[in-house]
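In: predicted model and sequence follow; I will ask about them next.
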Amino acid sequence: PEAVLVDDEPAAEERAPLDLAVELATANDPTTLEAALAAEFAAETDPGRRALLQHELGHLLQRRLRSEARAVKAYAEALTLDPLLRPNVWAIRRIFLARGLWPNLLKLLDAETKLEELPARRAETLLEKGWILEDRVQDGDAARQAYREAAAAAPGWLAPLLALERLCGTEGDREGLAEVFRLGAATAADPERRLAYLVELARLGPHLPGGTVEGTLAQLEEALPLTNDRLGLLEVMGDVAA
């Protein structure tokens with residue numbers, strides 16, 4: 001007669017609940033998981049997959065093993081393998097933010113900016129860099145440059161223009177404000193927004209070095225085709241002339 005192979009391993013539903021609980025707990029043990037990730041990383045050859053494994057290791061070290069120093073090393077290794085693995089970059093950002101490591105964070109943002117191919121994402125990174133420089137490092141000039149670069153990377157995006165306008169307004173920089181209004185008027189897709197920038201630029205014009213009422217009125221004439229409220233615009237022109 002043919003030999004009958006018998007599986008000595010009982011089916012899951014037949015095994016004692018305690019045995020199942022011990023097995024699941026062991027499989028979910030962070031030290032066991034760390035060893036499994038290390039073994040998989042050693043056997044992996046694809047750079048993208050290796051980066052993902054290192055990121056997973058960093059997350060395990062940070063969240064479950066409470067070893068932030070080792071986690072940072074794992075995240076850094078993942079960063080060298082894939083600089084644009086976003087969950088990994090965000091994990092490093094969170095650590096730098098929590099520790100207030102602003103120079104480190106700025107270097108990370110600079111690296112992202114250089115490697116990012118999508119203009120919209122590059123603009124977002126530059127805007128974040130500007131916020132850090134302005135709010136945490138208190139370097140207004142560097143922040144202003146970051147906002148300018150963000151606006152250039154995504155023409156017509158309102159966020160960097162608003163940040164630049166706020167910063168220049170806080171510092172009383174009229175020439176900087178004029179730059180914002182000119183840039184906004186040149187890139188605004190919405191006629192009403194373009195009109196608003198032109199009006200603000202006109203109001204500011206006479207107060208700028210070399211600014212004249214005549215030049216400002218000429219700028220307002222450019223705004224006339226953009227509005228049906230000719231009377232309101234004429235009132236602005238009258239205020240400027242006065």
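Out: Received it, and whenever you're ready, just let me know what you need. Residues are numbered from 1 along each chain as shown.
In: residues making contact with the strand or helix carrying Ala51?
Out: Secondary structure from DSSP states H and E places Ala51 in helix 47-63. Contacts made with helix 47-63 from outside it, assessed by Cβ atoms under 8 Å, 6 or more residues apart in numbering, are listed as 30, 33-34, 37-38, 40-41, 44, 67-68, 70-75, 77-79, 81-82, 85, 87-88, 91, 95. Backbone N, C-alpha and C define where each C-beta goes, glycine included.
In: only whichever of those are buried, select them in ChimeraX.
Out: For anyone working in ChimeraX, the buried entries among the contacts of helix 47-63, judged by 16 or more other Cβ atoms under 10 Å, can be selected with:
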select :33,34,37,41,68,70,71,72,74,75,77,78,79,81,82,85,88,91,95
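In: if we can go back for a sec, tell me which residues in the helix holding Ala51 are buried?
Out: If you call a residue buried by 16+ other Cβ under 10 Å, then helix 47-63 has these buried ones: 50-62.
In: can I get that helix as PDB, trimmed to CA atoms?
Out: As requested, the backbone C-alpha atoms of helix 47-63 are provided in PDB (Å, rounded to 0.1, in the frame of the first residue of the first chain):
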ATOM      1  CA  PRO A  47      18.400  49.900  -4.500                       C
ATOM      2  CA  GLY A  48      14.800  51.000  -4.300                       C
ATOM      3  CA  ARG A  49      13.800  47.900  -2.300                       C
ATOM      4  CA  ARG A  50      16.900  48.300  -0.100                       C
ATOM      5  CA  ALA A  51      15.900  51.900   0.600                       C
ATOM      6  CA  LEU A  52      12.400  50.800   1.600                       C
ATOM      7  CA  LEU A  53      13.700  48.100   3.900                       C
ATOM      8  CA  GLN A  54      16.100  50.600   5.600                       C
ATOM      9  CA  HIS A  55      13.200  53.000   6.100                       C
ATOM     10  CA  GLU A  56      11.100  50.200   7.600                       C
ATOM     11  CA  LEU A  57      14.000  49.400   9.900                       C
ATOM     12  CA  GLY A  58      14.300  53.100  10.900                       C
ATOM     13  CA  HIS A  59      10.500  53.200  11.700                       C
ATOM     14  CA  LEU A  60      10.800  50.100  13.800                       C
ATOM     15  CA  LEU A  61      13.800  51.400  15.700                       C
ATOM     16  CA  GLN A  62      12.200  54.800  16.400                       C
ATOM     17  CA  ARG A  63       8.600  53.700  17.200                       C
END
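In: after that helix, next one along is what?
Out: In the C-terminal direction, the helix or strand that comes right after helix 47-63 (DSSP H and E) is helix 68-81.
In: what's the mean pLDDT across that next one?
Out: When the per-residue pLDDT values of helix 68-81 are averaged, the result is 91.
In: convert the C-alpha atoms of that helix to PDB, please.
Out: Coordinates of each C-alpha in helix 68-81 appear next as PDB, following Å, rounded to 0.1, in the frame of the first residue of the first chain:
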ATOM      1  CA  GLU A  68      16.100  57.400  17.800                       C
ATOM      2  CA  ALA A  69      19.900  57.500  17.200                       C
ATOM      3  CA  ARG A  70      19.900  54.100  15.400                       C
ATOM      4  CA  ALA A  71      16.700  55.100  13.600                       C
ATOM      5  CA  VAL A  72      18.400  58.200  12.200                       C
ATOM      6  CA  LYS A  73      21.200  56.100  10.900                       C
ATOM      7  CA  ALA A  74      18.800  53.800   9.200                       C
ATOM      8  CA  TYR A  75      16.900  56.700   7.700                       C
ATOM      9  CA  ALA A  76      20.100  58.200   6.500                       C
ATOM     10  CA  GLU A  77      21.100  55.000   4.800                       C
ATOM     11  CA  ALA A  78      17.700  54.900   3.100                       C
ATOM     12  CA  LEU A  79      18.200  58.500   2.000                       C
ATOM     13  CA  THR A  80      21.500  57.600   0.300                       C
ATOM     14  CA  LEU A  81      19.800  54.800  -1.600                       C
END
